[in-house]
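Engineer: Following is a predicted model, sequence given first.
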Amino acid sequence: MLSQHNITDTSLLLSLILVAVAMLISQKEKLGMGKDILWSVTRAIIQLVIIGYVLTSIFAVNNSWLTVLMVLFICVNAAINAGKRSRNIEHAVVISFVAIVSGTVMTLAILVLSGAIAFLPMQVIPLSGMIASNAMIAVGLCYSNLNQRFSDNRQKILEMLSLGAPVKLASARIISESIRAAMIPTVDAAKTVGLVSLPGMMSGLIFAGIDPLKAIKYQMMVTFMLIGTASLSTIIAAYLSYRRFYTARAQLKMTL
């Protein structure tokens with residue numbers, strides 16, 4: 001075990017200087033982001049304090065059902081946020097929830113069954129947050145790409161439909177390109193891990209005094225699970241949502 005450094009309330013308050021710098025830059029450059037920065041920081045502090053007390057209680061109780069409920073709570077919030085990117089997709093929140101839960105459950109099941117982690121609140125909940133957050137971003141990007149590509153390729157799709165192509169065939173390239181675009185950030189992050197960035201879990205473990213060689217094993221696990229989750233969540237979201245760009249009579253909707 002390496003030496004640990006505990007952050008004090010005073011040092012935490014002093015770190016707010018960094019926020020002040022951002023606000024000063026916003027004011028000097030007339031970015032108009034001062035209120036947004038202040039609100040974001042205030043909201044982050046409140047949310048983190050609340051979740052800190054909630055997690056402390058859940059960890060103390062160590063109840064499996066509470067752990068499952070917390071995972072579902074995380075997935076619901078992730079689905080709501082991902083759904084905000086779905087301009088033309090009906091029931092996007094439900095689709096997002098199915099996609100994110102599927103990716104999260106599959107990943108957690110593999111990790112637990114393989115013995116990589118134990119089904120304990122202090123292990124399952126933090127990892128669920130990482131998994132759902134990554135899936136949320138990937139699904140949101142998938143929606144954005146679907147919206148953009150259906151709009152850009154409208155004429156080509158109409159021509160394919162007029163020639164008798166089924167909806168799935170007319171949409172196939174758009175679906176695959178949207179899934180690919182949604183996965184690029186996760187794949188690129190995996191390429192540069194350890195070279196450009198020291199990701200959250202690895203940094204946190206090192207801060208906590210864990211041997212870096214042990215910390216990298218956990219980070220490898222996180223990298224594997226994020227790639228798997230992103231691929232599964234986006235493919236589910238894409239195939240459940242592309243049909244929403246068409247009418248019940250297999251016609252491309254007018255407003256895209």
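Structural biologist: Received it, and whenever you're ready, just let me know what you need.
Engineer: Any regions of this protein where pLDDT drops low?
Structural biologist: 1-6, 197-198, 254-256 (pLDDT under 70).
Engineer: so where's the longest helix in it?
Structural biologist: Secondary structure of the chain per DSSP state H: the longest helix is helix 121-152.
Engineer: And for this protein, the residue most distant from the center?
Structural biologist: For the chain, the residue at maximal distance from the C-alpha centroid (CA atoms, centre = their mean) is Leu163, at 38.8 Å.
Engineer: can you give me the strands in the stretch 101-250 of the chain?
Structural biologist: In the stretch 101-250 of the chain, no strands are defined using DSSP state E, counting those that start in this stretch.
Engineer: for the stretch 101-250 of the chain, what spans make up the helices?
Structural biologist: Assigned by DSSP state H, counting those that start in this stretch, the stretch 101-250 of the chain shows helices spanning 121-152, 154-162, 167-192, 200-207, 212-241.
Engineer: I'd like those as CSV, with distance to Ile45 and mean neighbour count appended.
Structural biologist: (Glycine included, C-beta is placed from N, CA and C.) Shown next, in CSV, are those (distance: least, CB to CB, whole Å; neighbours: other CB atoms under 10 Å):
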stretch, distance to Ile45, mean neighbour count
helix 121-152, 18, 22
helix 154-162, 45, 14
helix 167-192, 27, 17
helix 200-207, 18, 16
helix 212-241, 26, 20
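Engineer: Save these as a markdown table, and put in distance to Lys30 too.
Structural biologist: Shown next, in a markdown table, are those (distance: least, CB to CB, whole Å):
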| stretch | distance to Lys30 |
| --- | --- |
| helix 121-152 | 28 |
| helix 154-162 | 38 |
| helix 167-192 | 30 |
| helix 200-207 | 33 |
| helix 212-241 | 37 |
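Engineer: follow-up on the earlier one: from the chain's centre, how far out does the longest helix of the chain sit?
Structural biologist: The chain centre lies 4 Å from the centre of helix 121-152; the measure is CA atoms, centre = their mean, to the nearest Å.
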